[in-house]
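>>> fold the following and give me the result.
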Amino acid sequence: MKKGLLRSFMVAILFVTLLFLFSVLKIPEQKVSSYLSGVLQSALDPLGIYLIPKETHFSVLKGLQLEYIDPELELPDLTRVRLDRIKISPSFKLLLKAMVGGKIQLEQGSGYLVIHAGQRGSQFRFEFDAQDLNLDRLGVLAFAADLKGSMIASGHGQLSGTLEDPMGLIGPVDVQLKGIELGEQNIHGFQIPEMKIADGVVRAELGGGKINLLETRLGKPKTKDDLALAVTGSVQLDRVINRSKVDLQVLLGLSDRVKPKFAMLDTFLANNKMADGQFGLTIKMDPVSGFATGPYGGKK
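Purely as a prediction, here's the structure:
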């Protein structure tokens, strides 16, 4: 209790100090706005994303918050994503953990994404919280996976550790997906038909140099979903990424509507077809034995 009161007191002192600096000493808001804009653009540069601001507002009372109204993000392929708001400010949440960091909030329609990122020496922490985020409207599906489709995501996650030892990174991810639609498209030479999937889940934990996939699925079998894909298992990371060890259990099911489009699966995975019509297999990969598949050994 005393520790909590001390933290609250420190935040209150910091707020009063900032208010004094900007209201009494008249520190120029334009310079602070330009600095915060520069920090944000520097974070986007490695991704090839350019921020196009239209209207900005700076507020001390909201915690040194710089707000962009109707901004646009220009992606590497020159397509533009329009947002309702982007808000950036210092992260008082991380300040309580003795870390210097920032908070970024993206708003689009009824959806939002809040990110807290901070660092203390070589230690860093990254947290996100999303609600009803339209990944298609944000350009995430096309940018990250080169997919045509739509998907709504909600959830949270975090990653913490030291930049000097990536094998020591830890953190959980728990994301729920809904309204999943994949448009007809060609993926790595395979023609994929239009598919509709009600929901999905991504639950994973990173720790001890390993990614454990606790529950990762799209759709469910024996429903109206055109695709039912479930993956469990683990990936033992290596500092050289292509030397990582993969041990996964995969279940794949298709609706009667799209099965004819994947007739080749009956040929390539004939030995992996199960009594309920799904395909089940084990996928293993490591630097010694290479890539190998086998019969499904997980729990249904």
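>>> CA atoms for contacts and neighbours, from now on please.
Noted.
>>> show me where the stretch 151-300 of the chain has its helices.
Remark: helices assigned in the stretch 151-300 of the chain by DSSP state H, counting those that start in this stretch are 264-268.
>>> can you give me the strands in it?
In the stretch 151-300 of the chain, the strands defined using DSSP state E, counting those that start in this stretch lie at 165-182, 185-187, 190-192, 195-207, 210-218, 227-236, 245-254, 279-286, 290-295.
>>> and those strands: which comes nearest residue 266?
Judged by CA to CA, the one of the strands of the stretch 151-300 of the chain that comes nearest to residue 266 is strand 279-286, at 9.0 Å.
>>> and that closest one, what does it pack onto?
Packing contacts for strand 279-286, counted by 3 or more CA pairs under 8 Å, 6 or more residues apart in numbering; DSSP states H and E, involve strand 245-254, strand 290-295.
>>> out of those, which is the most enclosed?
The highest average neighbour count among these, using mean count of other CA atoms under 10 Å, belongs to strand 245-254 at a mean of 21.
>>> can I get that strand in PDB, CA atoms only?
Extracted in PDB, the C-alpha atoms of strand 245-254 (Å, rounded to 0.1, in the frame of the first residue of the first chain):
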ATOM      1  CA  LYS A 245      13.900 -26.000 -34.100                       C
ATOM      2  CA  VAL A 246      10.300 -26.400 -35.000                       C
ATOM      3  CA  ASP A 247       7.900 -29.000 -33.600                       C
ATOM      4  CA  LEU A 248       4.300 -28.400 -34.500                       C
ATOM      5  CA  GLN A 249       1.100 -30.400 -34.600                       C
ATOM      6  CA  VAL A 250      -1.300 -29.200 -37.400                       C
ATOM      7  CA  LEU A 251      -5.000 -30.000 -38.000                       C
ATOM      8  CA  LEU A 252      -6.500 -28.800 -41.300                       C
ATOM      9  CA  GLY A 253     -10.200 -29.000 -42.300                       C
ATOM     10  CA  LEU A 254     -12.100 -27.600 -45.200                       C
END
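>>> which helices and strands sit right next to that strand?
strand 227-236, strand 279-286.
>>> list the contacts of residue 134.
Neighbour list for residue 134: 111, 150, 151, 152, 153 [criterion: CA atoms under 8 Å, 6 or more residues apart in numbering].
>>> okay, it and residue 177: tell me how far apart.
For residue 134, the distance to residue 177 equals 10 Å [CA to CA, to the nearest Å].
>>> likewise residue 248?
Using CA to CA, residue 248 is found at 21 Å from residue 177.
>>> and the one helix or strand residue 40 maps to, what's its mean pLDDT?
Using DSSP states H and E, residue 40 sits in helix 29-44. For helix 29-44, mean pLDDT is 76.
>>> would you indicate which residues of it are buried?
Of the residues in helix 29-44, 29, 33, 36, 37, 40, 41 count as buried by neighbour count, 16 or more other CA atoms under 10 Å.
>>> of the residues you listed, closest to residue 119?
Proximity of the buried residues of helix 29-44 to residue 119 (CA to CA) peaks at residue 40, which lies at 15.7 Å.
>>> same list (the helices and strands packed on strand 245-254) but as JSON lines, adding mean pLDDT.
Rendered in JSON lines, the data for the helices and strands packed on strand 245-254 read as follows (pLDDT from 0 to 100):
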{"stretch": "strand 227-236", "mean pLDDT": "95"}
{"stretch": "strand 279-286", "mean pLDDT": "92"}
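>>> residue 194 is nearest to which of the ones you listed?
Using CA to CA, the helices and strands packed on strand 245-254 put strand 227-236 closest to residue 194, at 10.4 Å.
>>> output the below-cut-off pLDDT ranges for the chain.
1-32, 60-63, 95, 298-300 (pLDDT under 70).
>>> parallel or antiparallel, which strands does the helix or strand hosting residue 113 pair with?
Element membership for residue 113, per DSSP H and E: strand 111-120. Applying DSSP bridges, strand 111-120 is found paired with strand 100-108 (antiparallel), strand 123-134 (antiparallel).
>>> turn those strands into a markdown table, columns for distance to residue 211.
As requested, the strands paired with strand 111-120 are exported to a markdown table (distance: least, CA to CA, whole Å):
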| stretch | distance to residue 211 |
| --- | --- |
| strand 100-108 | 26 |
| strand 123-134 | 17 |
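>>> between the ones you listed, which one is closest to residue 276.
strand 123-134 (33.5 Å).
>>> which parts of the closest one are buried?
Residues of strand 123-134 classed as buried: 124, 125, 126, 127, 128, 129, 130, 131, 132, 133, 134 (neighbour count, 16+ other CA under 10 Å).
>>> farthest pair within those?
Using CA to CA, the pair of those lying farthest apart is 124 and 134, separated by 27.8 Å.
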